[in-house]
Every structure is written in C-alpha cells, then in structure tokens.
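Could you work out the structure for the sequence below:
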Amino acid sequence: MDATLELALDLLRRPSITPEDAGCQAVMIARLEALGFQAERLRFGVVDNFWARFGDSDPLFTFAGHTDVVPPGPLERWRSPPFEPTAHDGYLYGRGAADMKGSLAAMVTACERFLTACPQPRGSIAFLITSDEEGAAVDGTVKVVERLEQRGEKMRWCLVGEPSCANQLGDTLKNGRRGSLNGRLLLRGEQGHVAYPHLAQNPIHAIGPLLTALADEVWDQGHDFFPPTSFQISNLRAGSGAVNIVPGELEMLFNFRFSPAVTVDQLRERTRLLIDTGLLNEEIKTGQVFQYEVEWSLSGPPFFTPPADLVAAAMAAIRAETGLEAALSTSGGTSDGRFIAPTGAQVIELGPLNATIHKIDECVPIDDLARLSRIYEGILNRLLG
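As a prediction, the model looks like this:
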C-alpha cells in the first residue's frame, strides 16, 4: 500500500472531533521523531498541539495543519461509517479525508522521502499541528505562535495543508485570505399584545429598512488579489413563539469577510452610521425610539503573501507533478494562516479538493494523496534541497 494512503487511513480511523486529537498527533510525532525531529508537545486548556523541528539553522520551512475534524452529522446518511475509512470508485471516504488528514499524511511522507535523499537540508523543517482549528481556535495555533515569538523562533515559509483545490489537484494555490469580523446586534423595543400595537414597539418592523441598507452597502471595491468585502446576515431571532405577542427585542448575527481595502474600525463605524440613520428614520416615521447595542469579535485580519520564493516553489512543484498552472486565490473562509502571517512568514495554503469538506460523505481521490505528497516533496527540494 502507498505510504501516504496507509498513514491517512490510520489518522482517519481516529474520531478526533474538535477539540479532541484522539491520538493522531502521537502517530505523527512517532514518524517525525524517527526522522530526527525534536518534538515538543504543547497543551493549552483542553487542546493538544505540537511543534516538531528538524535542524536548527535558517531558513525555516513549516508545515502547519490540524488533526481535529468537524462532527460527522447524521451517521445514517453516510455511505460508510465516517471513522471507518472506505475506498469506493477511486475515492477515499471518511471525516477528515480532505480537511485535513490527507494533507497531514502527505506532509509526513514527503519529509520521509526528502530527508532520506537529502539528510542535511539547506535550512530546517518544522511541523505546527493543532487540534483546535475547527473549534474556538483560541488554544491552538495562536498559542503556539505566541510561544515561538517569545523565544525568537521565526518561520520564513509556511505551508498550511487546507484543502485549496476546486476541480483538480493543483489547480488553486491560496496565497492569502480575507479577514473575518463578526457582529451581534441587539435591538430593543417593547413587548406587547398584537391587538394593541400602539402600546408596543416591534423591533422586527424597525429593522426591515435597515437590513436593506446593510445588504445594499458597497463596502469597498476589492484590493489587488482580493474581491470586494461582503456582508452576510447569518441569523435573526425574535419573539416568544406565540402569535399574539409583539416581541420586545431582536438579535441579529452578521459577518464581514473583508479585504485590506477597509479596516475593522471603518467597518464598525460605517455599520454604526447605517444603524443610527435607519433607526432615526424609523423614529421620524413612527415616533418610536429604539435602543440598540452591537458586540464585535474579530476572527482574524486579512493576510496576503506576494508571489515570491515560496509561491514560485509551490507553483513549480505543482506544474512538475500535474502539468497545471495553479491559479492564485484568496477566496474561502479563514484558516490558521491568519495567526502565522503576522509574524512575517510567507504563508500559502495547498491541499486536496475542497468540494466535500464538512459534508456528509467527505472524500478525496485516492491517487491525489500520493500526488500531493510528491508536490510537497517538490517544494522542499526547491527551497531546501
């Protein structure tokens, strides 16, 4: 059996639902220590992480990833049990096959072949692995990076193994991500009986024009490799469930995926102005005054790696293995690259197809596992060989 597939099967059999690791990291550490890596287990709260390094010289190339997976959902809807990896029609099925245990296996086997052929690379190799990427992401990569920064250990290049490709392995290379800003609006009116609306203040009615204003706002025109900032309402909640009660308050959850063309402070201020204007218009129209508050949380700022030596090495390795010219992209959600890029490291994301991630019957083409490992090996050869 191909070594990458064999290791992927071992990892996939372990039900590492976030923030559990279920022994995945121990498997990886054992393989890396056999190559001469010095492994450091770093546990923060209930989260297992590890930092493993081969060599002590610069430049430092780092593989980053996560062993945790999202919950599988209804088990009866899977074609086979999600933690019993199964091959069918050339695909390997299992929770984490694409996101991202297949990538982790490919990273390890790429290092095994590279260090066998090149036992004294022109620099160092490291692994930064967490079990907190799919969850709160507060005791994982961000904490390990803080530890590395405190002792002056600097990465020059970092490859995050997130599933990046759309239709074929190697068709997309992510060299940045948009920022993610979350908001919670609490709009207060006054509860009352629906038959006496003049004695109540309905926040659902008040928010209608405001929703249109927020959804129609053009926040920016995009920036270099980034699309324009997007605004999405993810949840609206109001009412007691009774048909004869005017609700007293409304909660709205929303999210910005933003480019470097706009700052967090600018988004917050423009949102405040739109809310104030909308509620002022409502007061003029109805005479009713509504109070509100907004809570903000930043999941991560945008980051961008200009095309340079890391991007060039990755694109050349992809071209050699697949014949494809990878497209550079900053689309998609956030990744742990947002915690690494601020250290000054060049960061890219390269992994398997992302079509089935977080879905029932998550899967990856079996042949792509060995091919991804060879791409990773090719990047190591070009940067450290």
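
what's the neighbour count on V194?
Residue neighbour count, defined by other CB atoms under 10 Å, stands at 12 for V194. (C-beta placed from N, C-alpha, C; glycine too.)

That one - nearest residue in space that isn't next to it in sequence?
N244 (5.0 Å; CB to CB, 6 or more residues apart in numbering).

Against F303, how distant is the one you found?
51 Å (CB to CB, to the nearest Å).

Geometrically speaking, which residue is the centre of the chain?
What sits nearest the mean C-alpha location of the chain, by CA atoms, centre = their mean, is S335, with 2.7 Å.

thinking it is in contact with P163, fair?
No. Between S335 and P163 there is no contact under CB atoms under 8 Å: 10.2 Å.

picking up where we left off before, residue contacts, the residue nearest to the centre of the chain?
E133, V160, E162, K174, R177, E349 (CB atoms under 8 Å, 6 or more residues apart in numbering).

Would you report the backbone torsion angles of the residue lying closest to V243 once chain neighbours are set aside?
The shortest distance from V243 to any non-neighbouring residue, by CB to CB, 6+ apart, is to V194 (7.5 Å). Phi and psi for V194, reported as degrees, to the nearest 10, are phi -60, psi -20.

V194: what's it in contact with?
So V194 contacts V243, N244, I245, V246 (CB under 8 Å, 6+ apart).

which one of these has the most neighbours?
That'd be V246 among the contacts of V194, by other CB under 10 Å, with 23 neighbours.

Let me see the contact set for the nearest residue to it once chain neighbours are set aside.
Of all residues not flanking V246 in the chain, A200 sits nearest, at 4.0 Å (CB to CB, 6+ apart). A200 sits next to G189, E190, Q191, G192, H193, V246 when contact means CB under 8 Å, 6+ apart.

Give me the subset of those lying in strands.
G192, H193, V246 (DSSP state E).

so which of the residues you listed would you say is closest to P72?
P72 has its nearest neighbour among the ones in strands among the contacts of A200 in V246, at 41.1 Å by CB to CB.

The closest one and A238, how far apart?
When V246 is compared with A238 (using CB to CB), they lie 10 Å apart.

same check, this time on Q38
Counting by CB to CB, the gap from Q38 to A238 is 55 Å.

what does H193 give?
From H193 to A238 the distance is 16 Å (CB to CB).
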